[in-house]
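Novice: Pasting the sequence and the predicted coordinates here, then a few questions.
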Amino acid sequence: MHAAMEYIASKEKIKWVHVPYKAAPAALMALVGGHVDACSAGVGYAPLAADGQIRVFATHGKNRSPQFPNVPTLKELGYDFAKETTHSIVGPAGIPPEILTKLEMAFSKGMETPEFKNTLQKLDCTVANYPSKDFGPHLKDLWGRSEKMFKEAGLITEPATQPY
């Protein structure tokens, strides 16, 4: 979330004062309480926006949020920035293909349940399900885009590690 604010600051020549918080809820409460002027949050802001306590100016994802269809993405506003949070379920290397297929099918089925969908909606999360064969390329693409954004924002000159 911090990278989004720094990226915008670098493009618009804004001098933000970064106020670190341990988690998004504390940052959002500071915003609602008038202690900060802006906040970049990953989840948890949807109820505050629905209640009119905050205004969502833009979202970070590649596509518009289904929960906020009238809110543009940063990309739509002219910033070459799209960042999604990746949550993963991993297992040991060498899982037999039939077990891997069974797990992938079970997770996909679980992601179709009303409970899962309702939880994601409450958190304003958009799901992207990558089967194992597509996950490596997704991570490599995410790494490349992130490195480019962080360099453009002046956050790094070179990455501290390599992706693989």
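Specialist: Done, it's in.
Novice: which residues touch V43?
Specialist: For V43, the contacting residues are 24, 123-125, by CB atoms under 8 Å, 6 or more residues apart in numbering. From N, CA and C alone the C-beta is placed, and that goes for glycine too.
Novice: how about a cut-off of 10 Å?
Specialist: 1, 23-25, 28, 85, 120, 122-125 (CB atoms under 10 Å, 6 or more residues apart in numbering).
Novice: same question, L155
Specialist: By CB under 10 Å, 6+ apart, the contact set of L155 is 2-3, 6-7, 10, 146, 149.
Novice: repeat that for 6 Å
Specialist: L155 is in contact with E6, counting by CB atoms under 6 Å, 6 or more residues apart in numbering.
Novice: Verify the assumption that it is located in a helix.
Specialist: No. Counting by DSSP: H, G, I helix; E, B strand; the rest coil, L155 is located in no helix; its state is coil.
Novice: quick one: pLDDT of it?
Specialist: Listed pLDDT for L155 reads 85.
Novice: quick thing: my sequence starts at 234, can you match it?
Specialist: Sounds good: first residue 234 from here, last item L388.
Novice: which non-adjacent residue is nearest A361?
Specialist: Ranked by CB to CB, 6 or more residues apart in numbering and with sequence neighbours excluded, the top spatial neighbour of A361 is E317, at 7.1 Å.
Novice: The one you found sits in which helix or strand?
Specialist: Element membership of E317 [criterion: DSSP states H and E] is none; it lies in no helix or strand.
Novice: Where does pLDDT dip in the protein?
Specialist: 397 (pLDDT under 70).
Novice: Can you dump the C-alpha atoms of the helix or strand harbouring L353 in CSV for me?
Specialist: Using DSSP H and E, the element containing L353 is helix 347-356. Written as CSV, here are the backbone C-alpha positions of helix 347-356 (Å, rounded to 0.1, in the frame of the first residue of the first chain):
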residue,chain,number,x,y,z
PRO,A,347,-21.5,-18.3,-0.9
GLU,A,348,-19.5,-18.1,2.4
PHE,A,349,-16.2,-17.5,0.5
LYS,A,350,-17.8,-15.0,-1.9
ASN,A,351,-19.5,-13.1,0.9
THR,A,352,-16.2,-12.9,2.9
LEU,A,353,-14.3,-11.6,-0.2
GLN,A,354,-17.1,-9.0,-0.8
LYS,A,355,-16.9,-7.8,2.8
LEU,A,356,-13.2,-7.3,2.4
